[in-house]
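turn this into a structure:
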Amino acid sequence: MGIGVVQVAVTLLIIMLLVKPMGSYLVKVFGRQRTGLDRVFGGPERLLYRLIGVREDEAMGWKKYLTAILISNAVMLILMFLVLRLQKFLPLNPDGIDNMPAAQAFNTAVSFMTNTNWQSYTGENALSYLSQLLAVTFPMFTSAATGFAVAIAFIRGLVGRQDDLGSFYVDLVRSITRIFLPLSFIVALFLVFQGVPQTLAGAVNATTLEGTQQTITRGLVASLESIKHIGTNGGGWFGTNAAHPFENPTALSNLVHIVCMLLLPTALVYAFGLMVNNRKQGWTLFAAMGVLFLVMLTTVFVSEYRGVPALDANGLQTNMEGKEVRFGIPESALFTAVTTAATTGSVNNMHESLTPLGGLVSLAQMMLNNVFGGKGVGLLNGLLYVIIAVFICGLMVGRTPEFLGKKIEGKEIKLACIALLIHPLIILVPTALALMRPEAAASISNGGTHGLTEVLYAFSSGAANNGSAFAGLNANTDFYNITIGIVMLLGRYISMIAMLAIAGSLAVKRVVPVTTGTLRTHTPLFAGILVMMIMVVGALTFFPSLALGPIAEHLAMVQ
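The predicted structure is shown next:
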């Protein structure tokens, strides 16, 4: 265990060293300051703005900003659906893969458009190369950039003096050209160096050592893997995701994947402090998220090392089931904590094979949805809880709550409650519906508490736009494809609409001078209040379902 602790500590140290420089770079990108990439992308960006009729200095109110998001996302969603439904007749299909069924195509298009990347199919057998490029890799860039844009727009609303959140199209383009493309290119080259395939040559037939024939699937894997983790997308070219040796061949590639997943979500929290001209505020939010993450990481790490009584009875002291030997327990536990904390959904081990408490960590982080979270979305959910915490503290001392000099009033609280309550609603209601329907319950491969966890995990993954799977559940049915697709849409856009509306409301409010009675929201005390608020709200909302699932399974094992 000691070596494992060192491995985890070194990885987290690398991430912490990158937080400040990357956060400062993000501020330059969205503050329209000069960067080293101006000469490379400046000209193409301006040409693109002219082609689509966008003014670079255009000011959008929150309604116009939201409209631009919904229209652009809807158009891309339709195009992705058509590509999946017609891939048999389109080029770059060397293996002759058939068209995807309608319900599954709907689920897949929604999944990658919402940055969820949930897969009810096996990538190498269900998608052509063109589909992998246009319906998977391309939306990995646009969905990640959309999340970034919304977070930046919200910050502008907090510090603004008028309903001007910037231009969505400019934020989208700059996110892709100045952040995601350069980082993805560098990471993809490194992954090729590590042995990840990047080819259009198609599958090859090989003779094994036993003399049998085997078909080895290849493709543009490295380019997908890079944006998959940098954009906290998830999904995978192969069905076993980052456990597959072609996606994640070495311990070094595993380290790069983990660093990429946390790089932008953590840096954006620091960038928030710089953009609101209050670094302490950024570090306070970072500390609250960091405490939650370390608690979750410690839980899954210790649980997998201790194993369960059934393993002890067979002379095994640790739980290596479902894990790759080349990663071991430390890197598998860290990957599990990171992928659900950053709402990535990529997996290098099978989450169904985790101990009950290890599986609880994955579920809990998706249910909280703000332990760093994906780029943009995690920050928004963290700020959502900040608004609720400020409001409750204000009620306790009898003052109108304020955050960064802006009064938090009834309108903002109502919108925050909508964003807060939609998350448990779209998890618990579909889970109950699935357990009531015989055809949906038939997809569960395990009975009892573990089977409940399979269904609960699937809808939690969709609602949190995470995309990881607990396995053991046959999600490729019309019921699950449609219901999880709807859950992904609601989980992505309802909270996004609410938070942009809050940003528009705060943007037009005047700044209230700080007085001796103003609640300081950049102190260790408030960080503690924020952590308790997140845990209390999360516990009250989800504890009953967790008690029936992983907690009950754990108690049954230790008795």
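
wait, A458 touches I484, no?
Yes: under the criterion of CB atoms under 8 Å, A458 makes contact with I484 at 6.3 Å. The way it works is simple: take the backbone N, C-alpha and C, and place the C-beta from them, glycine included.

how many residues are close by the residue lying closest to M275 once chain neighbours are set aside?
Distance criterion CB to CB, 6 or more residues apart in numbering; nearest residue to M275, sequence neighbours excluded, is I155 at 4.9 Å. Using other CB atoms under 10 Å, I155 is surrounded by 25 other residues.

I155 touches F272, doesn't it?
Yes: counting by CB under 8 Å, I155 touches F272, with 5.9 Å between them.

tell me the contacts of A145?
171-173, 175-176, 179-180 (CB atoms under 8 Å, 6 or more residues apart in numbering).

in which helix or strand does the spatially most central residue of the chain reside?
By CA atoms, centre = their mean, the chain has its centre lying nearest to T343, at 2.4 Å. Element membership for T343, per DSSP states H and E: none, as it lies in no helix or strand.

show me what contacts it?
Contacts of T343 by CB under 8 Å, 6+ apart are 115, 232, 366, 369, 373-374, 377-378, 464-466.

now, these that are in helices?
By the criterion of DSSP state H, membership of the contacts of T343 in helices covers 366, 377-378.

all helices of the stretch 1-150 of the chain, in order?
2-30, 38-52, 62-85, 102-113, 123-126, 129-131, 138-159 (DSSP state H, counting those that start in this stretch).

buried ones in the fourth one, by neighbour count?
The one in question is helix 102-113. 103-113 (16 or more other CB atoms under 10 Å).

which other helices and strands contact that helix?
Here helix 102-113 touches helix 62-85, helix 138-159, helix 478-507, going by 3 or more CB pairs under 8 Å, 6 or more residues apart in numbering; DSSP states H and E.

hmm, 10 Å instead?
helix 62-85, helix 138-159, helix 448-463, helix 478-507 (3 or more CB pairs under 10 Å, 6 or more residues apart in numbering; DSSP states H and E).

can I get the ones you listed in JSON lines with distance to A539 and mean pLDDT?
Below are these laid out as JSON lines (distance: least, CB to CB, whole Å; pLDDT from 0 to 100):
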{"stretch": "helix 62-85", "distance to A539": "32", "mean pLDDT": "96"}
{"stretch": "helix 138-159", "distance to A539": "26", "mean pLDDT": "93"}
{"stretch": "helix 448-463", "distance to A539": "15", "mean pLDDT": "92"}
{"stretch": "helix 478-507", "distance to A539": "20", "mean pLDDT": "94"}
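
ok, which of these comes nearest L127?
Among the helices and strands packed on helix 102-113, helix 62-85 comes nearest to L127, with 7.7 Å by CB to CB.

quick one: contacts of stretch 543-559?
303, 307-311, 354-364, 367, 424, 427-428, 431-432, 448-457, 460, 538-539, 542 (CB atoms under 10 Å, 6 or more residues apart in numbering).

where are the low-confidence patches of the stretch 251-400 of the chain?
310-316 (pLDDT under 70).

let's see it at 80
Within the stretch 251-400 of the chain, the segments meeting pLDDT under 80 span 308-317, 370-371, 373-376, 397-400.

give me the buried positions along stretch 405-423.
Buried residues in stretch 405-423 (16+ other CB under 10 Å): 405-406, 408, 412-413, 415-416, 418-420, 422-423.

let me see the mean pLDDT of it.
Across stretch 405-423, pLDDT averages out at 90.

again with stretch 15-31
Here the average pLDDT along stretch 15-31 is 94.

turn the helices of the stretch 1-150 of the chain into TSV, columns for distance to A333.
As requested, the helices of the stretch 1-150 of the chain are exported to TSV (distance: least, CB to CB, whole Å):
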stretch	distance to A333
helix 2-30	8
helix 38-52	39
helix 62-85	34
helix 102-113	26
helix 123-126	25
helix 129-131	33
helix 138-159	26
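
for these, which one sits closest to T339?
helix 2-30 (13.3 Å).

now the angle between helix 138-159 and the closest one, please.
70 degrees (axes from the mean of the first three to the mean of the last three CA atoms, to 10 degrees).

mind saving the C-alpha coords of stretch 123-130 as CSV?
Taking Å, rounded to 0.1, in the frame of the first residue of the first chain, the C-alpha atoms of stretch 123-130 are listed here in CSV:
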residue,chain,number,x,y,z
GLY,A,123,-17.4,1.0,-30.4
GLU,A,124,-15.2,-1.1,-32.6
ASN,A,125,-18.1,-3.3,-33.8
ALA,A,126,-21.0,-0.7,-34.1
LEU,A,127,-19.4,2.4,-35.6
SER,A,128,-17.7,3.1,-38.9
TYR,A,129,-14.6,5.3,-39.0
LEU,A,130,-16.7,8.2,-40.3
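
neighbour-wise, which one of the ones in helices among the contacts of T343 leads?
V377 (31 neighbours).

so how far is G358 from D95?
Per CB to CB, to the nearest Å, D95 is found 36 Å from G358.

name the residue in those two with the higher neighbour count.
G358 (27 against 14).

who's sitting farthest from the centroid in the chain?
G211 (42.9 Å).

which SSE is it in?
With DSSP H and E as the test, G211 turns up in no helix or strand.

same deal with the one 4 residues further on?
Following DSSP H and E, the helix or strand that holds T215 is strand 213-216.

which ones are touching S468?
116-119, 234-235, 241, 336, 339-340, 343-347, 351, 362, 366, 457-458, 460-461 are the contacts of S468 under CB under 10 Å, 6+ apart.

wait, I meant A151
26, 30, 171, 265, 268-269, 271-272, 373-380, 383, 496, 499, 503.

contacting residues around the closest residue to F154 other than its chain neighbours?
Excluding the flanking residues, the one nearest F154 by CB to CB, 6+ apart is A503, at 4.4 Å. Shown in contact with A503 (CB under 10 Å, 6+ apart): 61-62, 65-66, 150-151, 153-158, 160, 163, 165, 380, 383, 412, 415.

what's the answer for V291, then?
371, 527-528, 530-531, 534.

also D98?
87-88, 126, 128.
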